[in-house]
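Visitor: Coordinates only, no sequence provided:
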């Protein structure tokens, strides 16, 4: 590196400022030389700075520093109109376009916290995708909530004892009930509560198996 680039003029600033203080106090030690400009009581900080910058030289290479301006990313705008959404909905109602249950509020899933997150999500994806054969099923239509709770517990216990790994529980969506999907909502509590010791994971069934009106349940090994 050249001398002009390594020169540090401000290192002398403290020394010059100290000389100025001594000169102003009139207590100049023996052998001390003070610049004439600092012996004047009317000197100010500008003179001190001027002396410190006396040997500073311009670096011509830095006279113009190139600047590359980044291109601004356009803000995403949803160009889909309400008409497009209505057309899509019409196709779904007519059965000409399938709806992905995973994108609806009725889609539910759970995996036992003893399973790692990565493995748990992998099991959920496989279970919902039909990766496990349905070996048995339980239909809770016509049951009261209290009876359905006890029957579900006994059913899952029996399936576990028989070595059944995957079952389907049909609970309906409660569309005809003025109080909503009571058994469907209660089933989630049972599967994560009193029946939890039997279960690895559960998830909403595929459309071909009842969709939001049924749940796949993966059981633990005996």
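Guide: Right, received. Where do you want to start? Since the structure is predicted, the reported quantities are computational estimates derived from the model, not experimental observations.
Visitor: any idea where the helices of the protein begin and end?
Guide: For the chain, the helices defined by DSSP state H occupy 3-6, 13-25, 36-39, 45-52, 82-93, 117-128, 145-161, 182-191.
Visitor: Counting by contacts, list what the longest one packs against.
Guide: Contact analysis of helix 145-161 by 3 or more C-beta pairs under 8 Å, 6 or more residues apart in numbering; DSSP states H and E lists strand 136-139, strand 166-170, helix 182-191, strand 214-219 as its packing neighbours. (Glycine included, C-beta is placed from N, CA and C.)
Visitor: residues in contact with the last one?
Guide: To tie it back to what came earlier, the one meant is strand 214-219. Where contact means C-beta atoms under 8 Å, 6 or more residues apart in numbering, the residues beyond strand 214-219 that reach it are 108, 123, 127-128, 132, 134, 156, 159-160, 164-171, 187, 191, 198-205, 209.
Visitor: remind me which residues of the protein are low pLDDT?
Guide: For the chain, the stretches flagged by pLDDT under 70 are 1-45, 48, 60-82, 84-85, 88-89, 91-104, 175-180.
Visitor: How is it partitioned into domains?
Guide: Using automatic domain parsing, the domain parsing of the chain gives 9-62, 104-219.
Visitor: So which of those domains is the most surrounded?
Guide: Using mean count of other C-beta atoms under 10 Å, the stretch among the domains of the chain with the largest mean neighbour count is domain 104-219, at a mean of 16.
Visitor: OK, contacts around the residue nearest to residue 188 when sequence neighbours are not counted?
Guide: Among residues not flanking residue 188 along the chain, residue 108 sits closest, at 6.3 Å (C-beta to C-beta, 6 or more residues apart in numbering). Neighbouring residues of residue 108 by C-beta under 8 Å, 6+ apart: 188, 202, 203, 204, 215.
Visitor: got it, and residue 160?
Guide: By C-beta under 8 Å, 6+ apart, the contact list for residue 160 reads 198, 219, 220, 222.
Visitor: List just the nearest of those to residue 115.
Guide: Nearest to residue 115 out of the contacts of residue 160 is residue 220 (C-beta to C-beta; 10.4 Å).
Visitor: residues touching that closest one, list them.
Guide: With C-beta under 8 Å, 6+ apart, residue 220 has these contacts: 160, 197, 198, 199, 200.
Visitor: Can I get these in TSV including distance to residue 150?
Guide: Output for the contacts of residue 220, formatted as TSV (distance: C-beta to C-beta, whole Å):
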residue	distance to residue 150
160	16
197	16
198	14
199	17
200	22
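Visitor: Just the closest of the residues you listed to residue 146, please.
Guide: Closest to residue 146 out of those is residue 198 (19.7 Å), distances taken as C-beta to C-beta.
Visitor: Report the separation between that closest one and residue 56.
Guide: Look at residue 198 and residue 56: by C-beta to C-beta, to the nearest Å, they are 82 Å apart.
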